[in-house]
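Enquirer: fold the following.
(one chain, ligands or ions: 1)
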Amino acid sequence: MITLALSKGRIFEETMPLLAAAGIEVTEDPEKSRKLILATTRPDVRVVLVRASDVPTYVQYGGADLGVTGSDVLLEHGNQGLYQPLDLRIAACRLSVAVRADYDYASAVKQGSRLRVATKYVGLARDFFASKGVHVDLIKLYGSMELAPLTGLADAIVDLVSTGNTLRANHLVEVERIMDISARLVVNQAALKLKREPIRRIIDAFASAIPGS
Ligand code: AMP
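Expert: Numbers count the residues shown, from 1 in each chain. Below you'll find the model as predicted:
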């Protein structure tokens, strides 16, 4: 059995064409069922649904042989023991700093103010501001980051931006792009040795179907 860990939503949807290239179709719709293990048209392949931030943990400890998750998640998690053969170029977005439209970020940084920054990405944000020599107090949040500058909880947020619609809807502006983000295929190293042939076939099929390749 080969187990692939995916998260619901964009990653799931954008991984389907890659699976199709490997001759694999998921036979259940995750939006219509509460099942966490989904069968596929291949009896030896199944999909497990986990939170995006749990994908590295499942693959690292062998709860799944393969997984797809964002480079943001992998960088924040640290990719111990994970083989990362492919940038799938799906679920593309960027990790950015955003502030209220009326907040003078450039002056605050220039004056050496201590910024309060709310984010889910505490590790990446710490590294980024340290590399710029900007002092920050980091506030860990798990969601709705956009609310933090609006309520006075923080001066700035570090969050994923795709179209920019969420920022605009909340009167926030993107002031710095920290890095580009896309989804990666990760593989458990022991599984790669023990199930070499079927896993290789999946990696090769995914590689041939990467958008823009
Ligand atoms: P947007 O309004 O298109 O800029 O999307 C921003 C919102 O979607 C933020 O709440 C982000 O956390 C989330 N988001 C955008 N792209 C991704 C992605 N590739 N993976 C996960 N969340 C994302």
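Enquirer: phi first, then psi, for the residue nearest to the spatial centre of the chain.
Expert: The centre of the chain sits closest to residue 70, judged by CA atoms, centre = their mean, with a distance of 2.6 Å. Backbone torsions of residue 70, given as degrees, to the nearest 10, read phi -70, psi 150.
Enquirer: quick one: residues contacting residue 77.
Expert: 53, 56, 57 (CB atoms under 8 Å, 6 or more residues apart in numbering). In this view, the C-beta of every residue, glycine as well, is placed from N, C-alpha and C.
Enquirer: still on that earlier bit, ok, what's across the strand from the residue nearest to the centre of the chain?
Expert: residue 183 (DSSP bridges).
Enquirer: isn't it up against residue 91?
Expert: Yes. Judged on CB atoms under 8 Å, residue 70 makes contact with residue 91 at a distance of 6.1 Å.
Enquirer: anything in contact with each of those two?
Expert: Residues touching both residue 70 and residue 91 by CB under 8 Å, 6+ apart: 11, 181, 182, 183.
Enquirer: in this structure, which residue sits furthest out from the middle?
Expert: Going by CA atoms, centre = their mean, the residue of the chain most distant from its centre is residue 111, 33.2 Å out.
Enquirer: who in this structure is up against the ligand?
Expert: Within the chain, the positions near the ligand by CB under 6 Å from any ligand atom are 10, 70, 91, 93, 159, 160, 161, 162, 163, 164, 165, 166.
Enquirer: 8 Å instead, please
Expert: For the chain, the contact set with the ligand under CB under 8 Å from any ligand atom comprises 9-11, 52, 70, 72, 91-93, 145-146, 159-169, 181-183.
Enquirer: stretch 63-73: how far from the chain's middle?
Expert: On the basis of CA atoms, centre = their mean, to the nearest Å, stretch 63-73 sits 8 Å off its chain's mean C-alpha point.
Enquirer: residues in contact with that stretch?
Expert: Residues contacting stretch 63-73 (CB under 8 Å, 6+ apart): 2-7, 11, 15, 48, 50, 52-53, 55-59, 87-88, 90-91, 93, 95, 121, 124, 160, 179, 181-188, 191, 195, 199, 202.
Enquirer: buried only: go through those residues for me.
Expert: Buried by 16 or more other CB atoms under 10 Å: 2-7, 11, 15, 48, 50, 52-53, 55-56, 58-59, 88, 90-91, 93, 95, 121, 124, 160, 181-188, 191, 195, 199, 202, out of the contacts of stretch 63-73.
Enquirer: among those residues, which are located in helices?
Expert: Counting by DSSP state H, the part of those found in helices is 11, 15, 55, 56, 58, 59, 124, 191, 199, 202.
Enquirer: excluding sequence neighbours, find me the nearest residue to residue 12.
Expert: Nearest residue to residue 12, sequence neighbours excluded (CB to CB, 6 or more residues apart in numbering): residue 6, at 5.0 Å.
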